[in-house]
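[1] Following is a predicted model, sequence given first.
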There are 2 protein chains.
Amino acid sequence: MALGENSYDILLERGLLERAGKLLDLDRRVLIVTDTGVPQRYAALLAGQCAAPVTARVEQGEGAKSFAVLEGLLKTMLAENFSRSDCVVALGGGVVGDLAGFAAACYMRGVDFYNIPTTALAQIDSSIGGKVAVNLGGVKNVAGAFYQPRRVLVDPALLSTLPPRQLANGMAEAIKAGVVGDEPLLALFEQEDAQGRLEEILLRSLRFKQRIVEQDEKESGPRKLLNFGHTIGHGIESVYGLGGLLHGECVALGMLPMCTSPALRARLEAVLRQNGLPTRAAFDPAAVFAGLCHDKKAADGQVTIVTADRAGAARLETVPLERLRTLLEREAKEGIGA
Amino acid sequence: MALGENSYDILLERGLLERAGKLLDLDRRVLIVTDTGVPQRYAALLAGQCAAPVTARVEQGEGAKSFAVLEGLLKTMLAENFSRSDCVVALGGGVVGDLAGFAAACYMRGVDFYNIPTTALAQIDSSIGGKVAVNLGGVKNVAGAFYQPRRVLVDPALLSTLPPRQLANGMAEAIKAGVVGDEPLLALFEQEDAQGRLEEILLRSLRFKQRIVEQDEKESGPRKLLNFGHTIGHGIESVYGLGGLLHGECVALGMLPMCTSPALRARLEAVLRQNGLPTRAAFDPAAVFAGLCHDKKAADGQVTIVTADRAGAARLETVPLERLRTLLEREAKEGIGA
């Protein structure tokens, strides 16, 4: 990832976790942040390679992305005498990466941060790009930073313990990357053996995201394309996320209404279905609209959405928020809600 | 301040607050952060120049630099529908600048930040350089960021409401700048009419700090020179700060033991006395040592201190922490504690 003085390497290979001590500078105090959903032996394997490890195990789920948990991590570092020369490692999914990354960004105004993503979603998407944050008042990512890791270890072997639904959850972001700007990546999902091509999918997804972030680290332009499916997706997630829909599942649902040609919509729908992602869910359009209005992308009655009429060619469009209300009402009757 | 894409202007002139609306982009939602020590008419004057002002008035004092108050500011911005295109203005001293700047750095991963310092300390030192933070667990600046303002308005007319002790408090940082790297600035304080040369002192202090920060924004090298007087100073402040010693007064006391020649020490002592700053204070060396050990500059039994043997030529030195214990014990008997 070429970002001037914030540049870093993203390594992709089976078995990287076992060699973390050789690949990262762990010869100092290391705060390992993980959660109750990550196999404990992963954390033990990592801790065994650190000079002075301190492990913080937070509750699995979005609830850990809170001010209170963040403050707890910073207090742990303080109690353990962490200095500006020590570091933080995230070992988990997107929640752990966002939380640990923000703790690293804040502590003493910034200590080294490494990310070892353990879920498909994090390996494909959230572990690179430097967006870190916690939630506030029920709104996602209200407090955060752009803070790049020093190095990211993507070890596909860690995904072997994931249930199929979690794997599909991550694939939603790779499918998104395909629709936004990499048609051959989307085509990979149309093959019979998509599951067997995991490493190729990871590599293409990471390369695509790398290109976008290198162009626009702080999301003032092209990086907004990565929000394809996320405006309606976050709206659905804010209402139905706790009721059982995963992030990638909400994004899957959120992408379909943003396809402006019937051909692309049909193609995407087939890909989603084939890869275990939902294409229909009963929802209340008024509640979802309220949820997305609360989302940060909405300001002054206007919202920037991402649409696509063919794979690999998404574009940004600024529309009145009201247009989304109408769209949601229609989708509830004859689209994703039907 | 030339810092690449983070560059910004620092304007110094009487009457800038009255013209803030012309000098800053206030034609949007503006969170004005101020405190109970700042005259309310200053905030009213600023609010009158904003399209959509929201004023947050925090309690005066270091207590406002807390996670709880920070969270409150972010919640206010959320409740008032602030987007990434809105902004935050600090109108107050160093505490307000640190707190408001960190809120601006965090909110939606960063919104525009302006600083209008109203105390001598903030006008001379803390309002420029981009260090923002809150305290945690009794330790200063544990959580923060390097986040540069978009513009700083230094209006010396605002200092006319300050009591003399507060003015002297700020002068301590200007005297420090003189000792560290600008002998003619130190010499200004030896003139009969130092008080009448306020604007010249402000200008020289800001220029000096600007040069250092431009060289080393993130304090990996030369910027550490600005910590002259602050290692022992923070130690004293952590023990006696609440008991009535101001930050600049603690720094004044902290600088004296760091003069390695009797000539410089005598010169500095005379300057401090002439400008209403303390050169003696009874203190418990063990308590101050414990306080400074808790400070962030101490790691692994070593500490980087700043010493000077003549004005304008400070240097960094890494010494065992224990050396400071010995030094404090001696100073308590026959130095600043005598």
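    That came through fine.
[2] so what's the residue nearest the centre of chain A closest to, chain neighbours aside?
    Centroid-nearest residue in chain A, with C-alpha atoms, centre = their mean: A:S126, separated by 3.3 Å. The shortest distance from A:S126 to any non-neighbouring residue, by C-beta to C-beta, 6 or more residues apart in numbering or on different chains, is to A:G94 (3.9 Å). The C-beta positions use only the backbone N, C-alpha and C, and glycine is treated the same way.
[3] pretty sure that neighbour is touching A:H247, no?
    Yes: the criterion here is C-beta atoms under 8 Å, and A:G94 meets it with A:H247 at 7.3 Å.
[4] Identify the contacts common to those two.
    A:L121 (C-beta atoms under 8 Å, 6 or more residues apart in numbering or on different chains).
[5] Could you pull up the residues touching A:T55?
    Counting by C-beta under 8 Å, 6+ apart, A:T55 makes contact with A:L31, A:I32, A:T34, A:A43, A:A47.
[6] Tally up the residues packed near the second one, please.
    Number of residues near A:I32 (other C-beta atoms under 10 Å in any protein chain shown) recorded here: 26.
[7] mind listing what it touches?
    A:A43, A:L46, A:A47, A:C50, A:P53, A:V54, A:T55, A:A56, A:V89, A:L91.
[8] Skipping adjacent residues, who's closest to A:L121 in space?
    A:G170 (4.0 Å).
[9] so how far is chain B from the one you found?
    23 Å (C-beta to the nearest C-beta, to the nearest Å).
[10] before we move on, which element is that residue in?
    Following DSSP states H and E, one finds A:G170 within helix A:164-181.
[11] list the buried ones in that helix?
    Within helix A:164-181, the residues that qualify as buried are A:166-181, counting by 16 or more other C-beta atoms under 10 Å in any protein chain shown.
[12] Then stretch A:26-45?
    A:26, A:28-35, A:37-38, A:42-43.
[13] ok, back up a step: closest one to chain B out of the buried residues of helix A:164-181, please.
    When these are compared for distance to chain B (C-beta to the nearest C-beta), A:E173 wins out at 19.3 Å.
[14] How about that closest one: what's its closest non-neighbour residue?
    The spatially closest residue to A:E173, leaving aside those adjacent along the chain, is A:D125, at 4.0 Å (C-beta to C-beta, 6+ apart).
[15] still on that earlier bit, could you report the pLDDT at the residue nearest to the centre of chain A?
    pLDDT recorded at A:S126 is 91.
[16] just A:A299 next, same as before
    pLDDT at A:A299 comes out at 58.
[17] Would you agree A:R150 is in contact with A:F113?
    Yes: assessed by C-beta under 8 Å, A:R150 is found in contact with A:F113 at 6.3 Å.
[18] Looking at these two, which one has more neighbours?
    Between A:R150 and A:F113, A:F113 has the larger neighbour count (other C-beta under 10 Å), namely 28 against 18.
[19] And A:G196, its phi and psi?
    phi -80, psi -10 (degrees, to the nearest 10).
[20] Tell me the secondary structure of A:D125, please.
    At A:D125 the chain is in helix, as set by DSSP: H, G, I helix; E, B strand; the rest coil.
[21] contacting residues for it?
    Listed by C-beta under 8 Å, 6+ apart, the contact set of A:D125 reads A:G94, A:G170, A:E173, A:A174, A:A177, A:S205, A:K209.
[22] One more: A:T307?
    Listed by C-beta under 8 Å, 6+ apart, the contact set of A:T307 reads A:M258, A:C259, A:T260, A:A314, A:R315, A:E317.
[23] Ramachandran angles for the third one?
    Put plainly, it is A:T260. Torsion angles, degrees, to the nearest 10, at A:T260: phi -90, psi 0.
[24] now the residue lying closest to A:E80 once chain neighbours are set aside, what's its secondary structure?
    Once flanking residues are discounted, A:E80 sits nearest to A:V54: 5.1 Å by C-beta to C-beta, 6+ apart. Under three-state DSSP, A:V54 falls in the strand class.
[25] A:V54 and B:A105, how far apart?
    According to C-beta to C-beta, to the nearest Å, A:V54 and B:A105 sit 26 Å apart.
[26] repeat for A:L11
    For A:L11, the distance to B:A105 - C-beta to C-beta - is 30 Å.
[27] Can you pull the residues of chain A lying near chain B?
    Taking C-beta under 8 Å from any C-beta of the partner chain as the contact definition, chain A meets chain B at A:67, A:71, A:74-75, A:78-79, A:81, A:83-85, A:105-110, A:131, A:133, A:136-137, A:139, A:141-146, A:218, A:296, A:298-300.
[28] Hmm, A:D155 and A:L17 touching each other?
    Yes: the pair A:L17 / A:D155 is scored as a contact, 4.9 Å apart, by C-beta under 8 Å.
[29] Identify the contacts common to the two.
    Common neighbours of A:L17 and A:D155 (C-beta under 8 Å, 6+ apart) are A:I116.
[30] and those two? which has more neighbours close in?
    Higher neighbour count among A:L17 and A:D155: A:D155, with 21 against 18, using other C-beta under 10 Å.
[31] Quick one, grab the pLDDT at the more buried one.
    Looking at A:D155, its pLDDT stands at 97.
[32] So for it, what's the nearest residue that isn't a sequence neighbour?
    Of all residues not flanking A:D155 in the chain, A:L16 sits nearest, at 4.0 Å (C-beta to C-beta, 6+ apart).
[33] Can you show me the CA trace of the helix holding A:G170 as CSV?
    The C-alpha coordinates for helix A:164-181 follow below in CSV (Å, rounded to 0.1, in the frame of the first residue of the first chain):
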residue,chain,number,x,y,z
PRO,A,164,-20.1,-21.1,5.9
ARG,A,165,-22.4,-18.2,6.6
GLN,A,166,-19.5,-16.1,8.0
LEU,A,167,-17.5,-17.0,4.9
ALA,A,168,-20.4,-15.8,2.6
ASN,A,169,-20.7,-12.7,4.8
GLY,A,170,-17.1,-11.7,3.7
MET,A,171,-17.7,-12.7,0.1
ALA,A,172,-20.3,-9.9,-0.1
GLU,A,173,-17.5,-7.3,0.0
ALA,A,174,-15.6,-9.1,-2.7
ILE,A,175,-18.7,-9.3,-4.9
LYS,A,176,-19.1,-5.6,-4.3
ALA,A,177,-15.5,-5.0,-5.4
GLY,A,178,-16.2,-6.9,-8.6
VAL,A,179,-19.3,-4.8,-9.4
VAL,A,180,-17.6,-1.5,-8.5
GLY,A,181,-14.5,-1.9,-10.5
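[34] burial measure for the residue in the stretch 1-150 of chain A that chain B sits nearest to, as a count.
    Here the residue of the stretch 1-150 of chain A nearest chain B is A:S83; by C-beta to the nearest C-beta that distance is 3.3 Å. Here the count is done by other C-beta under 10 Å, and A:S83 has 17 residues near it.
[35] Next: A:L23.
    With other C-beta under 10 Å as criterion, A:L23 counts 17.
[36] From what I see, it and A:L17 are in contact.
    No: taking contacts as C-beta under 8 Å, A:L23 lies outside contact range of A:L17: 9.6 Å.
[37] Any idea how many residues pack against A:E219?
    Quick note: A:E219 (other C-beta under 10 Å) scores 18 neighbours.
[38] okay, it: pLDDT?
    A:E219 is given a pLDDT of 87.
[39] Give me the distance between it and B:A103.
    For A:E219 relative to B:A103 (C-beta to C-beta), the value is 20 Å.
[40] How about A:A56?
    Counting by C-beta to C-beta, the gap from A:A56 to B:A103 is 25 Å.
[41] Using the three-state scheme, assign A:V319.
    Under the three-state scheme (three-state DSSP), A:V319 adopts strand.
[42] what's the burial count for it?
    Neighbours of A:V319 (other C-beta under 10 Å): 13.
[43] any idea how far A:F228 is from A:S261?
    Using C-beta to C-beta, one gets 14 Å for the distance from A:F228 to A:S261.
[44] And the two? Which one has more around it.
    Per other C-beta under 10 Å, whichever of A:F228 and A:S261 has more neighbours is A:F228, with 27 against 12.
[45] quick one: that one and A:V180 touch, right?
    Yes: A:F228 is within contact range of A:V180, at 5.0 Å (criterion: C-beta under 8 Å).
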